Each structure stands twice: as structure tokens, then as C-alpha cells.
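Asks: When you get a sec, could you give me coordinates for this:
(4 chains)
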Protein chains: 2
Amino acid sequence: MGWPRQQKRNTRQRILESAARLFSRHGFDNVSIGDVMRGAGLTHGSFYTHFRSKQALYAEAVATAARASALARLLEEGKQRDLQQLLAGYLDISHVRQEPSPCPLAFLATDVATREQEVRGAYTRVFRRLVAFLRHGLSSRPAADARERAMAVAALMIGGVAVSRALDDEATAEALLAACRRFGGELLGAAPE
Amino acid sequence: MGWPRQQKRNTRQRILESAARLFSRHGFDNVSIGDVMRGAGLTHGSFYTHFRSKQALYAEAVATAARASALARLLEEGKQRDLQQLLAGYLDISHVRQEPSPCPLAFLATDVATREQEVRGAYTRVFRRLVAFLRHGLSSRPAADARERAMAVAALMIGGVAVSRALDDEATAEALLAACRRFGGELLGAAPE
DNA sequence: GTCTATACCTCGATAGAC
DNA sequence: GTCTATCGAGGTATAGAC
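Replies: Just a heads-up that it's a prediction; the model follows:
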């Protein structure tokens, strides 16, 4: 009869998934606790039996969104998958406009910057995982060079998607993504000097 | 005796400067109309004689912040200034942590994405100005290549600063900026193929 | 653990005196 | 045009019944 404990974990997980989905799309302040709970099929009253505060939920939701993201799915789908394909999938207009599980690094960058350390710490860990993955795919290079390249590519991916999302002109958004795909690809693929 | 009209314009400008400063640092939702008016030496009551709504103010504030930014000052300081210096000044930790007039493109990217068209239109115009400037400095290249490079460098700059600001680890933030400086410099400087 | 109800607060926007 | 005062909406967080 350890069932109740398991039940609670499941509920908590549903809340987290609802939060990850809503926060990623709309940001912290445009989503209320009621919205999150409704998305999990509950009412707002029982929220505080699962989380200390809205910010605490946000911190965990960032990590959850990262695990649920299309990028994360691509990563586990096959380590062998080459980085160029990953880049192209990330820097795609469907990720910017329709993706139900977007990357929180790109969708929440400036939103996270104004929160407290708990949230920024979660964001930082997700960022480091992305950099580590990219670096791993560049292991034919000297370690320092691979790390630097991985960071620049990460910034290009995140910046490309974040800015593209803010633009109100579809043609410019597409052109921006294409430019990031091209030069991101060069950074990943150019021969060592 | 056209003075009253001029007075009103001055007041309006002070409100805009206060808004640009506060919104850039804290985002749209974390700044109230009262905060903005206080920053301009007024009370909240007279706000609506100058602006239609908070969102309308935000749209104009994005443009104002862009004009006041350190980047804009560098631009007019001398068109001759080379792009490498501009890149280094932008991708600097002081821009991320202390700059009183930060670039709204980097500080508000995901914040703008969730607003309506009026705001995103203002953001888009600022972005296009940055791209145009970078492209101009790459005019020795074929036009299409220059535009693509300019867009990628812009995404790298904005992404580098935006992400760096969200990180809670100073060493990683510095490493990220350094990586963006290096490869942004390569994108600007590498010889045409 | 989840529900309804509510305390308490902040904010955007408006009204009306000066 | 600017001020003080206020309306009304919506939010976080808590209380208490079930």
C-alpha cells in the first residue's frame, strides 16, 4: 500500500508537465498558478502541497521542459545522429512557431535572467548539458577549441530561435534561421586549423 | 508661447527614458506604470495623457532603449570604427552585468516575443538596423553573403549576451562571451571563399 | 490530497479636483 | 497636465471542510 505516495508523485509530475508547457510558451508572469493546475486537471487550492512557491515550480519546470524538448528527444534518439541534423532541427521555423515542446533555453532566456538564483541555476545546468553534448560531437578537435566552438554554436542556436520568435516578419525570421544554420554548420564542421 | 507643447514633449521624453531603463533591466511585467512615472519624477495619474496603454509605452521604449544603448553610441561615434571593436564591446561582461543602457535586443528578446505586434514590430525594426549596420561593414563581400553573415553575427551577439545574463555562474558566462567574440570575429573577418 | 472560499495585495486604467 | 483617490480585475498564498 505504498500507492498513495506514488499517486502524489504522478500528480506532481503532471503539474510539472503542465507548467513546463505553459511557462515555455508564455513566460513566468503570463501564467498563473490556476492556469498550471487547470492544465493538470486540478484546481489551484492544492498547489502548495506540491510546491513551495511559484518560483520553485518555475525552476523545476525549466528542467522538465528541457527533458521534454524536441532537442532532448533528438539527443537520446541516437547519440550517433550528427550535429548538423540537430542544428537544422533546432533552427527550424516549426520549432519557433508551432513546436509544442520548445527549448526553454531559447524561449525563456531573458525571462529567466530576471529571476532569482534557484531559477537561473536550473537554466545554467540545462545550458551546460547542451554545451557538453555539442562538445562531445566535436571531440576530434583539441578540448579547449571544442568547448569554445560548442559554446558559440549554442549561443547561435539559442539567439537565432529567441530573436526569430520575437520578430513580426516571417521572411526575416526565416532568413535569420537560415543564416544561423549555415554558419552554425560551418563552426561545427570546418576543418581544424 | 509654444512652450506648453514643448514642455509636454519633454515630459513625454523623460517618461520614455525612464521606461527604457526600467523595462530593459526588469522586463515588461516586473515594472509598473507607477515605477516608470516615479522614475520620471511624476505620479502614475498623468500617465494616460501621454500614452494609450502600457503596451504602447513598451513599444516606444524598445526603440528608445535602442537609441540610448551603448551599441548605438558606438555606432554614431564613428562609422569607421571597425566591427571587431564593436563586437568586443557588445560581448563584454560589463554590458551583461553593469551597463546602464543595455541593448534591448539582447535584454528583451523572449520578453518581446510574448507581446502583441506593435511591440514586436518595434523590436523587428531595431533588429534590422543592427543587421544593416553589420552588413555595411561587410560590403567587400557579395551582398547575399554579407547579409547572411550579418544575421548570424547578430544572433551570436544577442544570444551570447542574453544567455550570459541568465547564467548564475560567472566563469561560464565569461567563457561564453569569449567564445562568441572569437567566432563572431571569424565570421566578420574570414576571407571570402 | 483536493476542493471551495477568501484574505490580502498589486496593478492597469479612470474620475475629478486643482 | 498633474495630482489624489478609487474602481475593478486578477494574482499569490492560506484556511478549513471533506
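
Asks: okay, CA-based contacts and neighbour counts for the rest of this
Replies: Will do.

Asks: wait, what's in contact with the residue nearest to residue A:130 when sequence neighbours are not counted?
Replies: Closest residue to residue A:130 apart from its sequence neighbours, by C-alpha to C-alpha, 6 or more residues apart in numbering or on different chains: residue A:154 at 7.2 Å. Applying C-alpha atoms under 8 Å, 6 or more residues apart in numbering or on different chains to residue A:154 gives the contacts A:130-131, A:134.

Asks: ok, now residue A:37?
Replies: A:15, A:18, A:43-44, A:47.

Asks: Just the buried ones out of these, please.
Replies: Neighbour counting over the contacts of residue A:37 (16 or more other C-alpha atoms under 10 Å in any protein chain shown) leaves A:15, A:18, A:47 as the buried ones.

Asks: model confidence over the helix or strand in which residue A:133 is found, on average?
Replies: Here residue A:133 sits within helix A:117-136, counting by DSSP states H and E. For helix A:117-136, mean pLDDT is 97.

Asks: Now do the helix or strand following that helix against helix B:143-166, angle only.
Replies: Using DSSP H and E, the helix or strand that directly follows helix A:117-136 along the chain is helix A:143-166. Counting by axes from the mean of the first three to the mean of the last three C-alpha atoms, to 10 degrees, helix A:143-166 points 100 degrees away from the direction of helix B:143-166.

Asks: now the helix or strand following helix A:143-166 and helix A:143-166, what's the angle there?
Replies: Sequence order places helix A:170-189 as the next helix or strand after helix A:143-166, per DSSP H and E. In terms of direction (the same axes, to 10 degrees), helix A:170-189 departs from helix A:143-166 by 170 degrees.

Asks: quick one: is helix A:170-189 near chain B?
Replies: Yes: contact of helix A:170-189 with chain B (C-alpha under 8 Å from any C-alpha of the partner chain) involves A:175-176, A:179-180, A:183, A:187.

Asks: Show me which of those residues is closest to DNA strand D.
Replies: Distance to DNA strand D across those (C-alpha to the nearest atom of the strand) is lowest for residue A:176, with 33.5 Å.

Asks: wait, isn't that closest one in contact with residue B:152?
Replies: Yes: Residue A:176 sits in contact with residue B:152 when judged by C-alpha atoms under 8 Å, with a separation of 7.0 Å.

Asks: between the two, what contacts are shared?
Replies: In terms of C-alpha under 8 Å, 6+ apart, residue A:176 and residue B:152 are both contacted by the residues residue A:160.

Asks: more neighbours, those two?
Replies: residue B:152 (30 against 27; other C-alpha atoms under 10 Å in any protein chain shown).

Asks: Tell me the pLDDT of the more buried one.
Replies: At residue B:152, the model reports a pLDDT of 98.

Asks: and it, how far is that from chain A?
Replies: According to C-alpha to the nearest C-alpha, to the nearest Å, residue B:152 stands 5 Å off from chain A.

Asks: List the residues that contact that residue.
Replies: Contacts for residue B:152 (C-alpha under 8 Å, 6+ apart) come out as A:156, A:160, A:176, A:179-180, A:183.

Asks: swap in residue A:18?
Replies: Neighbour list for residue A:18: A:36-37, A:39-40 [criterion: C-alpha under 8 Å, 6+ apart].

Asks: Now render those residues as TSV, adding secondary structure and pLDDT.
Replies: Compiled in TSV, those are given as follows (DSSP: H, G, I helix; E, B strand; the rest coil; pLDDT from 0 to 100):
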residue	secondary structure	pLDDT
A:36	helix	98
A:37	helix	98
A:39	helix	98
A:40	coil	98
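
Asks: Closest to chain B out of these?
Replies: residue A:36 (17.5 Å; C-alpha to the nearest C-alpha).

Asks: residues near the closest one, how many?
Replies: For residue A:36, the neighbour count with other C-alpha under 10 Å is 24.

Asks: Contact partners for it?
Replies: A:15, A:18-19, A:22.

Asks: do you know how far it is from DNA strand C?
Replies: Residue A:36 sits 11 Å away from DNA strand C, going by C-alpha to the nearest atom of the strand, to the nearest Å.

Asks: Likewise for residue A:99?
Replies: According to C-alpha to the nearest atom of the strand, residue A:99 and DNA strand C sit 28 Å apart.

Asks: and that residue, which of the three is it?
Replies: coil (DSSP: H, G, I helix; E, B strand; the rest coil).

Asks: where does it fall, phi/psi-wise?
Replies: phi -50, psi 120 (degrees, to the nearest 10).

Asks: what does residue A:30 give?
Replies: Residue A:30 has phi and psi values of phi -90, psi 10 when expressed as degrees, to the nearest 10.

Asks: Just name the shakiest helix or strand of chain A by mean pLDDT.
Replies: Every helix and strand of chain A was ranked by mean pLDDT, DSSP states H and E. The lowest is helix A:70-77, at a mean of 85.

Asks: What lies in contact with that helix?
Replies: Against helix A:70-77 from outside (C-alpha under 8 Å, 6+ apart): A:66-67, A:81, A:86, A:89-90, A:101-103.

Asks: Alpha carbons only: can I get the helix holding residue A:133 in CSV?
Replies: Extracted in CSV, the C-alpha atoms of helix A:117-136 (Å, rounded to 0.1, in the frame of the first residue of the first chain):
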residue,chain,number,x,y,z
GLN,A,117,19.3,32.1,-8.3
GLU,A,118,17.2,29.0,-7.9
VAL,A,119,15.8,29.5,-11.4
ARG,A,120,19.0,30.7,-13.0
GLY,A,121,20.8,27.7,-11.5
ALA,A,122,18.3,25.4,-13.3
TYR,A,123,18.8,27.2,-16.5
THR,A,124,22.6,27.1,-16.2
ARG,A,125,22.5,23.3,-15.7
VAL,A,126,20.4,22.9,-18.9
PHE,A,127,22.8,25.1,-20.8
ARG,A,128,25.8,23.2,-19.7
ARG,A,129,24.2,19.9,-20.8
LEU,A,130,23.7,21.4,-24.3
VAL,A,131,27.3,22.6,-24.5
ALA,A,132,28.6,19.3,-23.2
PHE,A,133,26.7,17.4,-25.9
LEU,A,134,27.9,19.7,-28.7
ARG,A,135,31.4,19.4,-27.4
HIS,A,136,31.2,15.7,-27.4
